[in-house]
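Trainee: return atomic coordinates for the entry below.
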Amino acid sequence: MGLHEQALRVRSYRMELLASNLANADTPNYKARDVDFRDILRSYHQQQPNANTLGLATSRSGHIGSHSLGGIAITPQYRVPSQPSIDGNTVTAHEEKAKLAENNLRYQATIDFLNGKIRKLKQALKGQ
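Mentor: Next up, the predicted model:
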């Protein structure tokens, strides 16, 4: 499945980060985290241009900061707030919701594309 499988895995991880940001919108001193989807895939393909598979792995269960993509560490970056808050929290709820909605749409589009590929492969195997 190649690129689309990779995209799905990175988008899934990004969804976790964005949901965590939104859940901590009222937590004092919480710093919003995110990953740059394009930079991650670009780095992966520069190091492994012919690879078709990848894995997101953690060194420990529940250790979010140690994800990797085919040997390239996926390190969430702390987001610089567009508007500073008094309590030190860098989450802006409406921005997080917008980013989460966009990521969800792109995730679903990738799922739909992969489902189409699988459907075509099944048809080819059946000789249709």
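Trainee: what are the buried residues along stretch 109-121?
Mentor: T110 (16 or more other CB atoms under 10 Å). For every residue, glycine as well, the C-beta is placed using N, CA and C.
Trainee: likewise for stretch 98-109?
Mentor: 99-100, 103, 106-107.
Trainee: repeat for stretch 9-20
Mentor: Applying a neighbour-count criterion of 16+ other CB under 10 Å, one finds 9-11, 13-15, 17-18, 20 buried in stretch 9-20.
Trainee: what average pLDDT does it get?
Mentor: Here the mean pLDDT over stretch 9-20 is 94, rounded to a whole number.
Trainee: distance between it and the chain's centre?
Mentor: Put simply, stretch 9-20 sits 4 Å off its chain's centre (CA atoms, centre = their mean, to the nearest Å).
Trainee: on that earlier part again, what is the nearest of the buried residues of stretch 9-20 to Q83?
Mentor: L18 (18.2 Å; CB to CB).
Trainee: Three-state assignment for that closest one, please.
Mentor: Following DSSP: H, G, I helix; E, B strand; the rest coil, we place L18 in the helix state.
Trainee: which parts of this protein are helices?
Mentor: Using DSSP state H, the helices of the chain run over 3-23, 37-47, 93-126.
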